[in-house]
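Student: when you get a sec, could you give me coordinates for this:
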Amino acid sequence: MVQSIKNIIATIIISISVYLIWTITLPEYDYTSAIKVETQRRLDVLTKRQNIFQMVTNLQDTYQQRYAEFRRLALVVPAHKSLPEFVSTIEAMASESGIIITELKIEGGTSEEVFNIVNFEVNMNASYDAVFNFLSLLEQNIRLIDVNFLSIGTTPGETASSFLTTQIRARTYYLNPQIEPEENNQTNTVGGF
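Tutor: Predicted structure coming up:
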C-alpha cells in the first residue's frame with residue numbers, strides 16, 4: 001500500500017507538472033515567439049526609417065552645396081518672363097552701341113522641360129562697329145541669350161551709306177512655372193525706338 005500511495009502521489013505530481021507546463025509554459029513560449037517576430041518587424045521598419053532619414057539628410061546636404069549654383073542659375077535664367085525688363089535691356093544695349101532699332105518683335109516660344117523660351121527679332125540700322133558692340137553686349141549680358149540668325153546688308157536704294165541694315169533673331173529663357181497663363185504664343189511688336 002505504501003508503494004501504491006507513492007505511485008499515486010508521483011502520478012499526481014507528474015500530472016500537475018504536465019498540466020502546468022501545458023497551461024503556463026507553452027503559452028509563454030508562443031508569446032515569446034510572437035514578440036521575436038514583432039521585434040524583427042519593428043527593427044526592419046526602424047532600419048527603413050533610418051535609411052530614409054539618411055537619404056533626406058544627404059539630399060539636404062546636396063541642396064546646401066548646390067545653393068550657390070541655384071543662385072547663379074536664377075541670375076542667368078530668371079523665374080519670370082519679365083518682358084518690360086528685357087525690352088529695356090535690349091534698348092539700353094542698343095543706345096550704348098549707337099544703334100537705331102527699327103523694329104523689336106517678341107514672341108512667346110515653346111516650352112521645354114525646365115525652361116520656357118522667348119524668341120525675339122531685332123531689326124536695326126547701324127554701322128559695322130555698332131553691330132559688333134551690340135553683339136558683344138548681348139554676349140556679356142547676364143541673362144542667357146542665344147543668337148540663332150544674323151543678317152547684315154546694305155540699305156536698299158543707298159549705295160554709299162555707312163549704315164547697315166541688320167536683323168538678329170535670338171532666344172532667351174526663363175524658368176517654367178508650375179501653372180502658366182495662356183499667353184505663350186502671343187506676338188508683341190514694338191517699333192520706332
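Student: break down this protein into its helices, ranges please.
Tutor: In chain order, the chain shows helices spanning 2-20, 26-65, 67-76, 83-97, 128-140, with DSSP state H as the criterion.
Student: could you list the low-pLDDT ranges of this structure?
Tutor: 75-76, 80, 109-114, 155-161, 176-193 (pLDDT under 70).
Student: could you list the domains of it?
Tutor: 1-65, 78-191 (automatic domain parsing).
Student: out of the ones you listed, deepest packed?
Tutor: Across the domains of the chain, averaging neighbours per residue (mean count of other CB atoms under 10 Å) puts domain 78-191 on top, at a mean of 15. Just so you know, the C-beta spots here come from the backbone N, C-alpha and C atoms, and that holds for glycine as well.
Student: so can I have CSV of the domains of the chain showing distance to Arg71?
Tutor: Formatted as CSV, these follow (distance: least, CB to CB, whole Å):
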stretch, distance to Arg71
domain 1-65, 12
domain 78-191, 12
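Student: thinking again about what came up before, of the helices of the chain, which is nearest Val118?
Tutor: Nearest to Val118 among the helices of the chain is helix 83-97 (7.3 Å), distances taken as CB to CB.
Student: and the contacts of the closest one?
Tutor: 100-101, 104, 106, 118, 120, 122, 124, 126, 130-131, 133-134, 137-138, 141, 143, 172, 188, 190, 193 (CB atoms under 8 Å, 6 or more residues apart in numbering).
Student: if we use 7 Å, what do you get?
Tutor: 101, 104, 106, 122, 124, 130, 133-134, 137-138, 141, 172, 190, 193 (CB atoms under 7 Å, 6 or more residues apart in numbering).
Student: which one among the residues you listed gets closest to Ala79?
Tutor: Checking those against Ala79 by CB to CB gives Thr172 as the nearest, at 13.3 Å.
Student: identify the residues contacting that closest one.
Tutor: Applying CB under 7 Å, 6+ apart to Thr172 gives the contacts 86, 118, 143-145.
Student: closest to Thr32 among those residues?
Tutor: Leu144 (67.0 Å).
Student: output the contacts of helix 83-97 as JSON lines; include the columns distance to Ile16.
Tutor: Output for the contacts of helix 83-97, formatted as JSON lines (distance: CB to CB, whole Å):
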{"residue": "Ile101", "distance to Ile16": "109"}
{"residue": "Leu104", "distance to Ile16": "104"}
{"residue": "Ile106", "distance to Ile16": "98"}
{"residue": "Val122", "distance to Ile16": "105"}
{"residue": "Met124", "distance to Ile16": "110"}
{"residue": "Ala130", "distance to Ile16": "113"}
{"residue": "Asn133", "distance to Ile16": "109"}
{"residue": "Phe134", "distance to Ile16": "107"}
{"residue": "Leu137", "distance to Ile16": "103"}
{"residue": "Leu138", "distance to Ile16": "100"}
{"residue": "Asn141", "distance to Ile16": "97"}
{"residue": "Thr172", "distance to Ile16": "93"}
{"residue": "Val190", "distance to Ile16": "105"}
{"residue": "Phe193", "distance to Ile16": "110"}
